[in-house]
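In: whatever this is, show me its structure:
(chains A, B and C)
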Amino acid sequence: MKKTLLPPLIPLVVVTLMAEFLVREGFVRAYLVPAPSAVLRAMMDSRMELVQALLSTSAGALTGFVMSALTGIAIAVLLSSSRGVQRAFYPYAIFFQTVPLIAVAPLLVIWFGFGIQTVIASAFVASVFPVIANTLSGILSTDPPLRDLFKLYGASPLVTLFKLRLPAALPQVFTGLRVSAGLAVIGAIVGEFIAGGGLGSVVEIARTQQRIDKVFAAVLLASLLGLGLFGLINLLSHLTLRRWHASEQAQ
Amino acid sequence: MLRRAFLKTVPALGLLTACSKPSRMKLALNWKPEPEFGGFYAAPYSKHGLTVEVLPGGTGTPTVQMVGAGSVDFGIVSADEVILARSKGNDVVALFAVFQDSPTGIMAHASRNLTSIGDVLKEGTLALESGLPFARLLKRKFGFDHVKIVPSPGGDITSFLHDEKFAQQCYLTSEPIAARRKGVAVKVFAVSDIGYNPYTTVLAISGESLRKNPDTAKAMVAAVREGWRSYLDDPKAVNEQMNRLNPTMDLETFAEVAEAQKPFIETDATRRNGLGTMSRERWETLIEQFKELGDISQTIPAEDCFRLL
Amino acid sequence: MLHEVGHARRVTSTISRGVAVQLEGVRRVFDHNHVVIAGMDLRIETGEFLAVLGPSGCGKSTLLRMIARLAEPDAGQIRIEPKGERFQTAFVFQDAHLLPWRNVLANAALPLELMGEAKPERDERARAVLEQVGLLEALDRYPAELSGGMRMRVSLARALVTEPRLLLLDEPFAALDEITRFHLDVRLRELWQRRGMTVIFVTHSVSEAAFLANRAVVLGKSGGAIKLDRRLELPAVRDNELRGDPRLGKEMRLLLGAIEE
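Out: Residues are numbered from 1 along each chain as shown, chains lettered A, B, ... in the order given. Here you go, the predicted model:
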């Protein structure tokens, strides 16, 4: 515990103290960068509002993420069924990765309306591709000798998929989920800029009020949300792969 | 004697070279090039010894911070932004107010037969920038209990067109015209009706720059004033220039908006004191309103907020 | 002979339970012009332990995969006599290739699971065969916790669990240390003698081929031409004592000579 928590804390404390000093002494203007103490004060003063916003963004991000995970894995399974299917549909999966979310979000509002459904849709669009890409890669990279083994005993493609290829792909699925988690939070916040609610809304309103301390407070909470989700996936990965994967054994 | 004459001419020559070389400056707009900025594109900067680069903006361009931080020489802000900034220690000063009356308002479908701004808040959806002072003023006066508040779509009227119960914040000179062109009759309510009327599309400079180069600031204001006069008299050429930079609005709309915004820009006050003029009373009223809203804790002196050059 | 292993009911006997494999004119070409095997004729008798030797790239692994029906020849045919049941062939790869998310017992039972056998029965049979390779204490362990040698033993057990008539091995012990190799060689030979199946063992190692097999075939560098086909003159019972026996050395020299030629 000490080994993992202590080292990152040291630079954090140093930077925070430096920032506090620089702003207090006027080397950095307070309306451009808030002093850490001001950020903390903003968090305390607006704690009810921020907690509610955090819960709202969490709900949107988490729902979008779970949808990404399920849909992404399903799409990857479908794409793995044949080369033809892959060639026909994979480019569309890439579309989800490359489309600039901030340009698509206004469209999402028109289709889904103002409310958490758009936030979820935005989180989904932002986070689905890594799941598809990593899961597909995992499914397709199954050991040829193992595929031979299943073939030798007459296993159907479906049996091979569920008993061999999907379990073998799990480590890569988790890699995809790890990336996807952070993107889901970003997607949710972008969605909130346009559709309202949650931490995105707090940032937007605080920005127009020139309350940069509150902006920082909201952004900090958003990062903690992303970190939390990431940690959750890591935990899940550890529990699932614990006994059998080299990446977990090394811990 | 020759030495004395020499000593006199050298600094004079220096001054001459400084004046004849225009320094390259940046003016940051807080939105895309539209008729509200026409005078800034029309201004004869070089005639006043200036080279000015006009930088278009967009959603959330932080012009008041950019001016304060010195990353641009001039910026377009609104008077309420100036007051808020100054209260946070950001020394920006207003020089020229294009819109004497705020063109901010709310537009709703005419079919709803609403009679006053309060009616908009009785049902349906209202898109606002909730952080802005006028939004909070509205909330305080009428309450948001019966209306769904959503973020302002920033000039986009798609949601408005598709939903009869959808009302949105707008510039009275802009979105209503676009809506009418799409065949939707609108009813508009000016925010100034509830007594909130900040100067809008205001040219601002940092206090430091103003103190260091008062002549440059003066030249800028003079150029801008000429530009606005020229744009008000004939906007056509500048509209074409701005349309090239911002093709999302067609030329016909440019012309309509340029016409519709005239009564906001040219008023009795400007006819008396010149385009862009500002008065201490107006600033004091605004500062009082901010104090009431609780956005600023102490009064700030109105005379610090603006300078007439 | 009845093997009493727990509650096992199966009877294994030493009567030959192998098959004969007949290759006629077998040809295999890669990428349109790389002829890996050019018209091979070969007959492997029932119950034989055949070692296949040759330099890298000579087609030994391809040959094995074709016999296992994992690949099809481009010309010629491969017959297995008698035709018999399905799944009478088993394959042991160069690496153990176990499923890392299953324990040792589940890995060994995998072929039976794929063939549709019920859990109690297949676990029973898996337990029995795991005992034969000396892994009864490791049933609950996962592959990540096992040594290389133990993993290969699980792989062997997995191959034997269906009581195959034809066992194909592709350099299975190549990645293991010598001591483990020697042990597994002895075990494999014992298992062959007990069950009577036909074994085809591909290897690089001349000493291993000589130790294990009763017949050895040496393939040429390309095209799979048979350079040597010899019945080894060695005793039926082979243990580590044989390693120092000059007769083994003689066979090894013969095989080596054929490879180097």
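In: C:R65: neighbour count?
Out: Residues within reach of C:R65, counting by other Cβ atoms under 10 Å in any protein chain shown, total 17. All C-beta atoms are positioned from the backbone trio N, CA, C, and that covers glycine.
In: ditto for C:M197
Out: Neighbour count of C:M197, defined by other Cβ under 10 Å: 24.
In: is any residue of stretch A:50-64 near chain B?
Out: No. Contact of stretch A:50-64 with chain B (Cβ under 8 Å from any Cβ of the partner chain) is absent, the minimum separation being 12.8 Å.
In: just say helix, strand or coil for the single nearest residue of the stretch 1-150 of chain B relative to chain C.
Out: In the stretch 1-150 of chain B, the residue that lies nearest chain C is B:V150 (47.9 Å; Cβ to the nearest Cβ). With DSSP: H, G, I helix; E, B strand; the rest coil as the basis, B:V150 sits in strand.
In: separation between B:G227 and chain A?
Out: 28 Å (Cβ to the nearest Cβ, to the nearest Å).
In: before we move on, back to that, isn't the residue of the stretch 1-150 of chain B closest to chain C right up against A:A195?
Out: Yes. Judged on Cβ atoms under 8 Å, B:V150 makes contact with A:A195 at a distance of 6.9 Å.
In: list residues touching both of the two?
Out: Common contact partners of B:V150 and A:A195 (Cβ atoms under 8 Å, 6 or more residues apart in numbering or on different chains): A:F114.
In: so between those two, which is more surrounded?
Out: Set B:V150 next to A:A195 and count neighbours by other Cβ under 10 Å: A:A195 wins out with 28 against 23.
In: thinking again about what came up before, residues touching the closest residue to the residue of the stretch 1-150 of chain B closest to chain C other than its chain neighbours, list them.
Out: Nearest residue to B:V150, sequence neighbours excluded (Cβ to Cβ, 6 or more residues apart in numbering or on different chains): A:F114, at 4.0 Å. By Cβ under 8 Å, 6+ apart, A:F114 lies in contact with A:195-196, B:125, B:148, B:150-151, B:159.
In: which of these are buried?
Out: In those, burial by neighbour count holds for A:195-196, B:125, B:150-151, B:159, counting by 16 or more other Cβ atoms under 10 Å in any protein chain shown.
In: let's verify the residue nearest the centre of chain C: helix, strand, or coil?
Out: Residue closest to the mean C-alpha point of chain C, counted by Cα atoms, centre = their mean, is C:L169 at 3.1 Å. What three-state DSSP gives for C:L169 is strand.
In: list the beta-bridge partners for it.
Out: C:V92, C:F201 (DSSP bridges).
In: next one, pLDDT for it please.
Out: Confidence at C:L169, expressed as pLDDT, is 96.
In: now it: how far from A:W111?
Out: 60 Å (Cβ to Cβ, to the nearest Å).
In: same deal with B:F306?
Out: For B:F306, the distance to A:W111 - Cβ to Cβ - is 45 Å.
In: neighbour count for the two, which is higher?
Out: B:F306 (22 against 9).
In: give the bridge partners for the residue of the stretch 1-150 of chain B closest to chain C, please.
Out: B:A127.
In: so who does the residue of the stretch 151-300 of chain B found nearest chain A touch?
Out: The nearest approach of the stretch 151-300 of chain B to chain A comes at B:P151, 4.8 Å away (Cβ to the nearest Cβ). Listed by Cβ under 8 Å, 6+ apart, the contact partners of B:P151 are A:114, A:193-196, A:201, A:204, B:127-130.
In: which SS state does the residue nearest the centre of chain B fall under?
Out: With distances taken as Cα atoms, centre = their mean, the residue of chain B nearest its centroid is B:T201 (0.9 Å). Using three-state DSSP, the structure places B:T201 in strand.
In: B:G38 versus that one, what's the distance?
Out: Using Cβ to Cβ, one obtains 10 Å as the distance from B:T201 to B:G38.
In: ditto for A:Q86
Out: 54 Å.
In: between those two, which one's more packed in?
Out: Taking neighbours as other Cβ under 10 Å, A:Q86 and B:G38 compare with B:G38 leading, 26 against 16.
In: show me where pLDDT drops low in the chain?
Out: If you meant another chain, say so; for now it's chain A. For chain A, the stretches with pLDDT under 70 are A:1-2, A:245-251.
In: was after chain C, sorry
Out: Along chain C, the parts satisfying pLDDT under 70 run over C:1-16.
In: would you map the helices across it?
Out: With DSSP state H, the ranges of helices along chain C come out as C:60-67, C:104-114, C:119-132, C:148-160, C:178-195, C:206-212, C:246-260.
In: skip the chain neighbours and tell me the closest residue to C:S207.
Out: C:M252 (5.8 Å).
In: oh sorry, the question was meant for B:S209
Out: Residue nearest to B:S209 in three dimensions, not counting chain neighbours: B:D73, with 6.4 Å by Cβ to Cβ, 6+ apart.
In: likewise B:F290?
Out: Residue nearest to B:F290 in three dimensions, not counting chain neighbours: B:I296, with 4.8 Å by Cβ to Cβ, 6+ apart.
In: pretty sure the one you found sits against B:E288.
Out: No. Judged on Cβ under 8 Å, B:I296 makes no contact with B:E288 at a distance of 10.1 Å.
In: what distance separates stretch A:168-183 from the centre of its chain?
Out: 10 Å (Cα atoms, centre = their mean, to the nearest Å).
In: could I get the buried residue list for that stretch?
Out: A:168-183.
In: contact residues of the stretch 1-150 of chain A facing chain B?
Out: Contact residues (Cβ under 8 Å from any Cβ) of the stretch 1-150 of chain A with chain B: A:29-32, A:106, A:109-110, A:114.
In: distance from stretch B:31-38 to the middle of the chain?
Out: Distance, stretch centre to chain centre, for stretch B:31-38: 10 Å (Cα atoms, centre = their mean).
In: give the burial count for residue 186, as a bare number.
Out: Here I'm looking at chain A. A:I186 has 17 neighbours, counted by other Cβ under 10 Å.
In: wrong one, I was asking about chain B
Out: Neighbourhood size, B:V186 [other Cβ under 10 Å]: 20.
In: chain B: strands as residue ranges?
Out: Per DSSP state E, chain B carries strands over the ranges B:24-28, B:51-55, B:74-77, B:92-99, B:104-109, B:125-128, B:148-151, B:166-171, B:186-190, B:200-206.
In: redo those strands as TSV? Include mean pLDDT.
Out: As requested, the strands of chain B are arranged in TSV below (pLDDT from 0 to 100):
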stretch	mean pLDDT
strand B:24-28	94
strand B:51-55	95
strand B:74-77	97
strand B:92-99	97
strand B:104-109	94
strand B:125-128	94
strand B:148-151	92
strand B:166-171	93
strand B:186-190	94
strand B:200-206	96
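In: out of those strands, deepest packed?
Out: strand B:74-77 (a mean of 28; mean count of other Cβ atoms under 10 Å in any protein chain shown).
In: that one and chain A in contact?
Out: No. On the criterion Cβ under 8 Å from any Cβ, strand B:74-77 is out of touch with chain A, staying 10.8 Å away.
In: in chain B, what residue lies closest to chain C?
Out: Using Cβ to the nearest Cβ, B:P151 is the residue of chain B that sits closest to chain C, at 47.1 Å.
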